[in-house]
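Q: sequence? don't have it. structure:
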Ligand code: HEM
Ligand SMILES: [Cu+2]
């Protein structure tokens, strides 16, 4: 805005009475936005619970396919990043610039780790053929005239090999092989991966968005645009990041542990 | 006068100063221009759709072209005209002034909402040239997800972005109303227009995210075939309808609540009386907003949902009638023994009450499960929602336009032009849509390209009516241009309004108020 008032070196826009007033308003705006985020995921959770109650065996078999270890690692990473984010806000509020920069940088690093782990999870899923609906089916029909899933094709190939060759050539160890066979026998299993990819995908996009936002406030910290008197952007981004974590805290048991 | 009055219009000059403005008043005007262009486009589609239905069989276009025109007509009118309409145009302009604020809480976000509407509209509009989009504005699965062309994806993406714009506007209004009221402006002293906008904003923030995820799921369904709406994979197409109407029923109130706010202002000003039942009108807005979340199932009585769900949804739907009737009775009580002036805005307000009542009462028919089986997906439904949305919202929009025109531009909108426009729109509207009730009752299905020869006369009447409506809006547009060029100087308060916007100059200064007003009483203190 063209006119701005001064309080303690930081500006507040002309239509607010004071910096405090502006801070309160911004905070309310951010909370409302977070409500919309939660409602949006709420739609997915509703859909998930409906189908989970309709086809428990589909979700059971599907979740067996996911690596609890990787999911757990990511959960820990995100929880830790929430902690460093909170630290970052605290340091900014206390004017500890250097520490704030470190805390925020660590948070971004955690986001990166999360995405890398997700990348490996996704590529592995693609490799074994557990992909969403349409792509679960190969182009060809089987001898009996039925559509063959990618998983089915992979298993057919695996059955021709010895256990050792299987592990070497197809990267399928014994338990994974068993899980895939279980999956294959479960009707409608691509539905689970539909949910898995949509839910974790949209969440992943939020992690990326969050990382960019944290980078943005990191720059603000470096340029001294935020500090003890004015830290609304840092706090706002922090709240967003906590919500992203919170959603993952729900996604992890729903997707990985339902079995 | 020696030196020109300083106001928000001449505060800065040039197109660039408009495109980067953070002033809520200018943003309101930008919304007006954009939304009226969309309205024109949607209107042309409406006239073409109606023209095609002038005779049974092929009149002008192929069935395919017809389906596309009907889809664009519905989608443009709903997502780009009626939903953003009153809040984005008039809400932006008057809400901050009415509560004594210098701007909305987040001016940058406000500008961004405008750009998001533009981007969304551009993406949606681009599909006109890309590929067939012929799903109707509801995008029902499985037709949209499995059968029809890929053009649905950008179409839906555009609507998603428009939804974002709507969320951000709502969020901005909520915080503005909470935080920026002038001293003495308690929640029980804010004008009823603000109450209406506030309730609408709550709906925008709470309902739209569900539409967002629904549309994303539709895109995921089309691109990846995730199966959530696909019975082959165990999904359920009806789930889409549940999600869609969980948004779109509340959206119906996003469309109508701001209109009700406008009517409250008009009734108070043109009856010159204290509004009757201020609190009842104010809180009934919140009640409508609340109940509207619980009734979506009435769009799915024949979808195979359980009988119990049908009965429950039917019952709750009828409850919406209560707060709505409260408003209507309070307006009438306000008019009773008032010194009513039948200026054009008041005519539109009365038109609103008349048409909206018919729309509302026929809604009760549709909410009765047994009758809905008869009326479902017939022209009765088309007539019903046009009586509500067009008869309601567009009447209010015209009233608001003429009422606040002097405040916005400093020029008076010719009352005679307004009245002529009203005569055409009001009569044309009834000629267009009343026959559709009869057609629907006789069994003519909606969305059909062709119909039985027995329906011809009524369809021709309806098409003729659409030309009257078109003429009415052209007269309205003429009024705008004429007033801008030749309108009389307005002065601060040409209609004797009592809310804060009438205490400042027209057009308002850049920062609305030279001195922050201090309130000592409620609005509408006539006698
Ligand atoms: C100006 C006069 C108008 C005329 C003559 C008109 C005419 C029509 C016609 C003939 C249809 C097709 C009905 C069917 O085949 O099912 C239709 C559908 C529709 N109209 Fe209008 N309309 C007008 C204005 C509006 C306005 C202002 C709105 C704004 C809300 C609107 C919203 C809709 C919607 C939502 C549909 C439903 C499309 C669907 O069912 O897929 N109409 N209209
Ligand atoms: Cu409804």
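A: Alright, I've got the coordinates. It should be emphasised that the depicted structure is a prediction, and the values quoted were computed from it without experimental measurement. Ligands and ions are numbered 1, 2, ... in the order given.
Q: got the phi/psi numbers for residue B:376?
A: phi -60, psi 130 (degrees, to the nearest 10).
Q: Count the neighbours of it for me.
A: 18 (other CB atoms under 10 Å in any protein chain shown). To be clear about C-beta, it is placed using only N, CA and C from the backbone, and glycine gets the same treatment.
Q: Name all residues that make contact with it.
A: By CB atoms under 8 Å, 6 or more residues apart in numbering or on different chains, residue B:376 lies in contact with B:301-302, B:366.
Q: With pLDDT, secondary structure and neighbour count as added columns, please give these in a markdown table.
A: Below are these laid out as a markdown table (pLDDT from 0 to 100; DSSP: H, G, I helix; E, B strand; the rest coil; neighbours: other CB atoms under 10 Å in any protein chain shown):
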| residue | pLDDT | secondary structure | neighbour count |
| --- | --- | --- | --- |
| B:301 | 92 | coil | 24 |
| B:302 | 90 | coil | 12 |
| B:366 | 95 | helix | 21 |
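Q: which one among those residues gets closest to residue B:377?
A: Using CB to CB, residue B:302 comes nearest to residue B:377 of the contacts of residue B:376, at 8.2 Å.
Q: is ligand 1 contacted by whichever strand or helix holds residue B:483?
A: In the assignment (DSSP states H and E), residue B:483 maps to helix B:456-486. Yes: applying CB under 6 Å from any ligand atom, one finds helix B:456-486 touching ligand 1 at B:466, B:469.
Q: other SSEs contacting that helix?
A: helix B:24-52, helix B:395-409, helix B:415-442 (3 or more CB pairs under 8 Å, 6 or more residues apart in numbering or on different chains; DSSP states H and E).
Q: Now do that helix against helix B:24-52, angle only.
A: 150 degrees (axes from the mean of the first three to the mean of the last three CA atoms, to 10 degrees).
Q: returning to that earlier point: relative to residue B:33, which of the contacts of residue B:376 is nearest.
A: residue B:366 (35.9 Å).
Q: what about the strands in the stretch 51-200 of chain A?
A: A:137-141, A:147-149 (DSSP state E, counting those that start in this stretch).
Q: Where among the ones you listed is average confidence lowest?
A: In terms of average pLDDT, strand A:137-141 trails the rest of those, at a mean of 69.
Q: Residues of the stretch 1-150 of chain A that sit close to chain B?
A: Taking CB under 8 Å from any CB of the partner chain as the contact definition, the stretch 1-150 of chain A meets chain B at A:1, A:13-16, A:21, A:24-26, A:28-29, A:32-33, A:35-37, A:39-44, A:47, A:50-51, A:54-55, A:58, A:132-135.
Q: buried subset of those?
A: A:13, A:15-16, A:21, A:24-26, A:28-29, A:32-33, A:35-37, A:39-41, A:43-44, A:47, A:51, A:55, A:58, A:132-135 (16 or more other CB atoms under 10 Å in any protein chain shown).
Q: out of these, which are inside strands?
A: Among those, the members falling in strands (DSSP state E) are residue A:13.
Q: how close does the residue nearest the centre of chain B sit to residue B:392?
A: Residue closest to the average C-alpha location in chain B (CA atoms, centre = their mean): residue B:82, at 2.9 Å. Residue B:82 sits 9 Å away from residue B:392, taking CB to CB, to the nearest Å as the criterion.
Q: what's near enough to touch residue 52?
A: In the absence of a named chain, this looks at chain A. Taking CB under 8 Å, 6+ apart as the test, what residue A:52 contacts is A:59, A:258.
Q: that's the wrong chain, I wanted chain B
A: B:59-61, B:66, B:69, B:449 are the contacts of residue B:52 under CB under 8 Å, 6+ apart.
Q: Give me the lowest-pLDDT entry from the residues you listed.
A: Minimum pLDDT across the contacts of residue B:52 falls on residue B:61, with 91.
Q: what's near enough to touch that residue?
A: Neighbours of residue B:61 in contact, by CB under 8 Å, 6+ apart: B:48, B:52, B:69.
Q: Go ahead and list the helix or strand containing the last one.
A: This means residue B:69. Secondary structure (DSSP H and E) places residue B:69 in helix B:63-75.
Q: do whatever helix or strand comes next after that helix and ligand 1 meet at all?
A: Next helix or strand after helix B:63-75 toward the C-terminus (DSSP H and E): helix B:85-86. No: using CB under 6 Å from any ligand atom, helix B:85-86 stays clear of ligand 1, with a minimum separation of 9.1 Å.
Q: Please pull up the helix or strand immediately following helix B:85-86.
A: helix B:92-98.
Q: Remind me what that following helix packs against, helices and strands.
A: By 3+ CB pairs under 8 Å, 6+ apart, helix B:92-98 packs against helix B:24-52, helix B:152-179, helix B:192-224, helix B:395-409.
Q: I'd like the next helix or strand past that helix.
A: helix B:107-130.
Q: What separation do you get for the residue nearest to the centre of chain B and chain A?
A: Residue B:82 sits at a distance of 21 Å from chain A (criterion: CB to the nearest CB, to the nearest Å).
Q: tell me which parts of chain B are close to ligand 1?
A: Counting by CB under 6 Å from any ligand atom, chain B sits next to ligand 1 at B:43, B:46, B:49-50, B:70, B:73-74, B:77-78, B:81-82, B:136-138, B:382, B:386, B:389-390, B:394, B:432, B:446-447, B:466, B:469.
Q: next SSE after the longest helix seen in chain B?
A: In chain B, taking DSSP state H as the definition, the longest helix is helix B:237-271. Beyond helix B:237-271 on the C-terminal side, the first helix or strand identified by DSSP H and E is helix B:278-291.
Q: okay, and for the stretch 101-250 of chain A, where does confidence drop off?
A: A:139-143 (pLDDT under 70).
Q: So the residue nearest to the centre of chain B sits against residue B:386, correct?
A: No: in this structure, residue B:82 is not within contact of residue B:386 by CB atoms under 8 Å, at 10.9 Å.
Q: For residue B:5, which non-adjacent residue is closest in space?
A: Of all residues not flanking residue B:5 in the chain, residue B:505 sits nearest, at 6.9 Å (CB to CB, 6 or more residues apart in numbering or on different chains).
Q: Pull the contacting residues for that neighbour.
A: B:5, B:7, B:492.
Q: By neighbours, which of the residues you listed wins?
A: residue B:7 (16 neighbours).
Q: returning to that earlier point: tell me the one of the contacts of residue B:505 nearest chain A?
A: Closest to chain A out of the contacts of residue B:505 is residue B:7 (14.9 Å), distances taken as CB to the nearest CB.
Q: Apart from its neighbours in sequence, what residue is nearest that closest one?
A: residue B:507 is the one closest to residue B:7 (CB to CB, 6+ apart), at 4.4 Å.
Q: Kindly confirm my reading that that neighbour is in a strand.
A: No: according to DSSP: H, G, I helix; E, B strand; the rest coil, residue B:507 belongs to no strand; its state is coil.
Q: now the closest residue to ligand 1 within the stretch 101-250 of chain B, what's its secondary structure?
A: Of the residues in the stretch 101-250 of chain B, the one nearest ligand 1 is residue B:136, at a distance of 3.1 Å by CB to the nearest ligand atom. At residue B:136 the chain is in coil, as set by three-state DSSP.
Q: tell me the contacts of it?
A: Counted by CB under 8 Å, 6+ apart, residue B:136 has contacts B:70-71, B:74, B:447.
Q: got the residue ranges for the helices in chain A?
A: A:19-54, A:56-64, A:68-93, A:97-128, A:133-136, A:150-159, A:163-170, A:174-184, A:190-222, A:232-252.
Q: Select, out of these, the one closest to residue B:359.
A: Using CB to CB, the helices of chain A put helix A:19-54 closest to residue B:359, at 28.9 Å.
Q: Residue of chain A closest to ligand 1, please.
A: For chain A, CB to the nearest ligand atom, closest residue to ligand 1: residue A:43, 22.5 Å.
Q: I figured that residue hits residue B:208, correct?
A: No: with contact defined as CB under 8 Å, residue A:43 does not count as touching residue B:208 (11.1 Å).
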